[in-house]
Structure formats: C-alpha cells, structure tokens
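Undergrad: Got a predicted model here, sequence first, then my questions.
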Amino acid sequence: MADFVGSVDQGTTSTRFMIFDHDGTEVARHQLEHEQIMPRSGWVEHNPLEIWERTSAVVQTALAKAGLTSSDLAAVGITNQRETTVVWDRRTGRPYGPAIVWQDTRTDRLASRLEQDGHGDVIREKAGLPPATYFSGGKIAWILENVPGVREAAERGDALFGTTDSWLVWQLTGGRRGGVHVTDVTNASRTMLMSLETLDWDDELLEIFGIPRAMLPDIRPSSVSDPYGTTLENGPFAGEVPITGVLGDQQAALVGQVCFSPGEAKNTYGTGNFLLLNTGTDLVRSKAGLLTTVAYQLGDDAPVYALEGSIAVTGSAVQWLRDQLGIISGAAQSEALARQVEDNGGVYFVPAFSGLFAPYWRSDARGAIVGLSRYNTNAHLARATLEAICFQSRDVAEAMRQDSGVAVDVLKVDGGVTENELCMQIQADVLGTTVSRPVVAETTALGAAYAAGLAVGFWESTDELRRNWQESKRWEPQWDDERREEAYGRWKKAVQRTLDWVEVD
C-alpha cells in the first residue's frame with residue numbers, strides 16, 4: 001500500500017492540501033486564500049471557479065514540495081466549509097452565480113417567515129436545526145427564486161446543488177464529462193433538508209423550501225471503501241487516487257481530535273468557533289439553542305451524532321481588526337497588542353456581524369463595542385476581541401451542559417487561533433476548564449485524512465488513531481470564580497445591547 005494519505009481542506013478563507021503519514025504526522029502542505037466578496041451589507045460570496053483553481057494549485061504544489069506523485073497516496077479525503085452553497089450547470093460546468101457563504105444573511109426574511117408559517121418545529125424535529133440564514137436550504141431557495149432559469153434547469157436535473165465538497169468531488173472526478181454528484185451525511189445534515197433519522201432527503205422539507213430533489217447530490221457515509229469517485233490522469237493529482245473520505249469541516253475536526261466516545265468534545269477556532277460534543281448513536285435534541293447534527297458515519301456502522309454550538313465570528317473578528325480597522329498588521333500581532341494591558345479596561349466587543357448564532361439565533365443582532373471611555377486604547381480593543389472569542393464559547397458550553405448534563409473536564413482545541421497563547425489562557429479562565437491543544441493543530445485536514453485512510457485499511461481502527469494523538473500544550477484556569485462570573489455577567493449585558501438592531505419581517 002502507498003505510504004501517505006492526502007487531504008483537501010476547503011475552508012472559508014483559504015484552501016489547503018495536506019499530506020499525512022501513518023503516524024498522522026504532516027509531510028507537506030500548501031495553502032492559498034481566495035477572495036471574500038461582499039457586494040452589499042449582509043451578503044458574503046465566493047467564486048466557485050476560483051476555489052476550484054486554488055484547489056488544483058495547492059494539490060499540485062504540495063505534491064511537488066514533498067516529491068510525491070498520485071501513486072504515493074493510498075486515498076484522499078475532502079473537508080469543507082459546510083453550508084456554503086453552489087449551484088452549477090451540469091452541462092457546462094459553470095456556476096449560475098457566486099457561492100452564497102454560510103455567513104451570508106440575505107435569507108433572514110425567509111427564515112423568519114418559516115417560523116411564522118409554523119414550519120420551524122418541523123425543521124427542528126426532522127433536521128435538528130432551527131430556521132436560520134446559516135444553513136443551505138434557504139440559500140438554495142433564494143437562488144431558485146432570484147436567478148433566472150435556474151428553477152427550470154433544476155427541475156430538468158441540469159442545475160446541480162452542492163456544498164463545496166460536492167463541487168470539488170464533481171470537478172475531481174470529471175466535471176461535465178461524467179463528474180460524480182455526491183455529498184456525505186455530515187454536510188447533508190447542514191441543509192435543513194435531510195432527515196436525521198433516515199439520512200435521506202426528506203420530501204416534506206423539500207416541499208417547504210420548494211426545492212426539486214433532482215438537483216440534490218446522493219448522500220453517502222463519511223468514510224467509504226467503495227469510493228465516491230477517483231481522481232483523473234488529467235486532473236491536479238495527475239493520476240488515479242480513490243476519494244474515500246468526506247466530512248464537513250467541524251465534524252472532520254472532531255474525528256481529527258479522536259473524539260470517538262460519547263461525552264468527548266472539541267472546539268475549533270477558525271473564521272468562527274464550533275464546539276461539538278459527541279453524543280454517540282443517540283439523537284439528543286437541544287432545548288438550549290444548540291444544533292443536533294451528524295458527527296460522522298464510518299462505512300456501514302450506525303451514524304454517530306453530536307450537539308454543536310456554532311459561533312459565526314471569532315477568528316474573523318481578528319481579521320476585521322487587521323483589514324477594516326488597520327490596528328494590527330497580522331493575526332499574530334493581536335496577541336502582542338493585547339498583552340500590553342492586564343485586562344479589557346471595561347471594554348466588551350460582541351462581533352455579531354452576521355447576527356448571533358448559538359445559542360441565541362438572533363438574525364436581528366449586529367456588532368457592538370460597549371464600555372468605552374477615553375482611557376481605552378487599541379490594546380484594550382484587541383484584548384476585548386480575544387475575550388469575545390472565549391465568552392462566545394462559554395455561551396455554547398453553558399447550553400451544552402443544560403442539554404446533555406455533561407460538563408467537559410478538558411476541552412480539546414484546534415484551528416489557527418490556538419496559536420494565540422493569550423487567547424487560550426483567557427479561554428481556560430473564562431470556562432474554568434483545562435484547555436488542551438494537540439501537536440497537530442490542523443485537525444480538520446487530519447480528520448478528513450483519517451476518514452479516507454480508514455476506508456482503505458491505511459489505518460485499521462479508531463483505536464489506532466487514538467494512539468496517534470499527542471498533546472502539545474495545556475492551559476489551566478487562573479481566574480478565581482468571582483472574577484470569572486463578574487466578567488461573564490458583563491459579557492451577557494453587552495450581548496443584550498446588540499439585539500433588535502436590524503428589522504426582520
């Protein structure tokens with residue numbers, strides 16, 4: 001068998017290709033950003049063709065860096081930004097328009113109307129999700145209603161929908177010359193269109209959104225010995241490699257963190273934050289504002305479920321300090337600037353740029369900075385930004401405790417923001433919980449590689465994957481309970497200031 005497994009990690013701001021050996025150690029990587037298109041307030045778009053071009057480039061470059069070819073790869077996995085919606089023409093391979101990104105809020109009136117019409121409870125019961133701008137179903141409906149000719153093409157089966165995993169698998173396996181149109185259970189569970197019990201598209205949900213079944217991909221497990229498809233000689237891999245693993249990015253991180261037992265949890269710090277708790281084969285329906293989602297399905301095994309707290313803006317708030325305010329030149333500088341002060345100086349920043357996700361689900365919220373005085377400096381704002389990442393994670397952890405009765409003893413963390421050691425210390429302080437970072441921090445890509453490798457016997461079992469996991473660093477809480485609860489109470493007051501800012505019909 002070949003000595004390595006490849007992983008395409010198609011994220012919100014960039015795409016990377018990583019290569020791992022049998023120990024789960026990174027052998028090579030290459031990463032490229034893509035444009036964030038914001039044509040009007042609340043709209044966030046990507047160019048699907050640019051994403052495909054970037055994917056091709058990172059695959060070719062990483063293989064060249066490592067001196068490897070397709071024959072050195074036992075399999076390839078794909079992980080992706082989950083709810084971002086692409087609709088394209090199967091005959092030409094051209095998208096009907098930009099991809100609508102998960103952060104986009106143009107469907108806020110549709111989400112509100114679903115609740116008013118009494119469909120909200122049906123969607124929650126069947127899909128495990130509240131009606132929200134976050135998920136793909138509303139974005140598909142918007143495209144069908146607003147882009148001329150798409151509905152007719154969809155009913156004929158010529159207009160195809162996919163999240164970016166489907167878009168990339170289709171391209172890698174031939175595109176308009178026979179590309180495979182598939183997705184996995186984790187991505188399908190983020191559409192508001194799949195039944196969590198049947199793991200299939202649900203006719204009642206399709207009718208609610210007015211979406212033709214013919215445009216939807218086939219749903220398969222997250223790890224398959226019978227490949228989703230095979231890469232082509234004339235594609236970026238320049239050879240045949242089976243695509244045997246597909247996972248939405250946050251579920252991939254759960255697998256990469258080897259959270260295979262009920263009660264194990266991880267928090268990924270990227271553009272947003274996503275805290276997932278493995279609930280095993282039990283469907284736990286949230287009463288505290290969390291999502292019930294498919295964690296993964298390995299081959300013919302029963303699906304494993306998770307409770308998830310999704311936070312829209314965390315790492316992208318640091319990006320906002322860089323790109324919009326210009327007070328830092330790069331993400332790493334946020335830590336140095338925040339360390340210039342001992343606390344936030346009374347400043348709280350709630351980055352509700354796209355409304356508030358879990359556990360609030362308020363599309364009428366918008367960002368707010370409160371508590372300012374002439375005493376405050378850009379260092380206080382930098383500190384408040386890091387604290388916002390951590391307070392939002394506590395909001396989710398509190399909801400998770402209510403739903404599951406489980407208090408997480410050790411929170412496994414991953415993603416780019418975990419390189420900010422001050423932020424991780426604040427997270428331990430705000431939660432009152434030990435925070436642990438693994439040696440391989442990019443667990444999203446690793447999880448997709450694990451899913452692909454398990455399918456072809458590159459790794460024999462999840463127990464073998466557990467032996468690969470190693471801790472890099474841990475942070476213990478330093479705040480006392482009084483300081484922790486006082487700070488969290490002020491955060492909750494700041495959140496209230498963001499609500500009812502945008503009128504939603």
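TA: Ah, there it is. Residues are numbered from 1 along each chain as shown.

Undergrad: CA atoms for contacts and neighbours, from now on please.
TA: OK.

Undergrad: Are there helices or strands packed against whatever helix or strand Ile243 lives in, and which ones?
TA: Assigned by DSSP states H and E, Ile243 belongs to strand 242-248. If you count contacts as 3 or more CA pairs under 8 Å, 6 or more residues apart in numbering; DSSP states H and E, strand 242-248 packs onto strand 73-80, strand 182-184, helix 185-188, strand 229-230, helix 443-455.

Undergrad: 7 Å instead, please
TA: strand 73-80, helix 185-188, strand 229-230, helix 443-455 (3 or more CA pairs under 7 Å, 6 or more residues apart in numbering; DSSP states H and E).

Undergrad: Indicate which one of those is closest to Asp203.
TA: helix 185-188 (14.2 Å; CA to CA).

Undergrad: Quick check: the gap between Thr444 and Ser56.
TA: As for Thr444, its distance to Ser56 is 19 Å (criterion: CA to CA, to the nearest Å).

Undergrad: Pipe the helices and strands packed on strand 242-248 into CSV and attach mean pLDDT, distance to Thr133 and mean neighbour count per row.
TA: Shown next, in CSV, are the helices and strands packed on strand 242-248 (pLDDT from 0 to 100; distance: least, CA to CA, whole Å; neighbours: other CA atoms under 10 Å):
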stretch, mean pLDDT, distance to Thr133, mean neighbour count
strand 73-80, 98, 18, 28
helix 185-188, 98, 16, 30
strand 229-230, 95, 31, 20
helix 443-455, 96, 24, 30
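
Undergrad: and Pro212, which of the ones you listed is closest to it?
TA: Nearest of the helices and strands packed on strand 242-248 (CA to CA): helix 185-188, 15.2 Å.

Undergrad: Now do the residue lying farthest from the centre of the chain against Leu144, distance only.
TA: Here the chain reaches farthest from its C-alpha mean at Arg374, the gap being 38.1 Å by CA atoms, centre = their mean. Distance, Arg374 to Leu144, by CA to CA: 50 Å.

Undergrad: Per-residue pLDDT of the residue farthest from the centre of the chain, please?
TA: We have a pLDDT of 95 for Arg374.

Undergrad: Surely it is within a helix?
TA: No: counting by DSSP: H, G, I helix; E, B strand; the rest coil, Arg374 falls outside a helix, being coil.

Undergrad: And it, how close does it get to Val347?
TA: Arg374 is 11 Å from Val347, by CA to CA.

Undergrad: ok, and what's touching stretch 140-158?
TA: Thr85, Asp89, Arg90, Arg91, Ala159, Leu160, Phe209, Gly210, Ile211, Pro212, Ala214, Met215 (CA atoms under 7 Å, 6 or more residues apart in numbering).

Undergrad: Columns pLDDT, distance to Arg467 and neighbour count on top of the residues you listed, output as JSON lines?
TA: As requested, the contacts of stretch 140-158 are exported to JSON lines (pLDDT from 0 to 100; distance: CA to CA, whole Å; neighbours: other CA atoms under 10 Å):
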{"residue": "Thr85", "pLDDT": "98", "distance to Arg467": "36", "neighbour count": "28"}
{"residue": "Asp89", "pLDDT": "97", "distance to Arg467": "45", "neighbour count": "18"}
{"residue": "Arg90", "pLDDT": "95", "distance to Arg467": "43", "neighbour count": "22"}
{"residue": "Arg91", "pLDDT": "95", "distance to Arg467": "46", "neighbour count": "12"}
{"residue": "Ala159", "pLDDT": "97", "distance to Arg467": "44", "neighbour count": "26"}
{"residue": "Leu160", "pLDDT": "98", "distance to Arg467": "41", "neighbour count": "25"}
{"residue": "Phe209", "pLDDT": "96", "distance to Arg467": "45", "neighbour count": "19"}
{"residue": "Gly210", "pLDDT": "96", "distance to Arg467": "47", "neighbour count": "16"}
{"residue": "Ile211", "pLDDT": "97", "distance to Arg467": "44", "neighbour count": "21"}
{"residue": "Pro212", "pLDDT": "97", "distance to Arg467": "45", "neighbour count": "19"}
{"residue": "Ala214", "pLDDT": "95", "distance to Arg467": "43", "neighbour count": "16"}
{"residue": "Met215", "pLDDT": "97", "distance to Arg467": "42", "neighbour count": "22"}
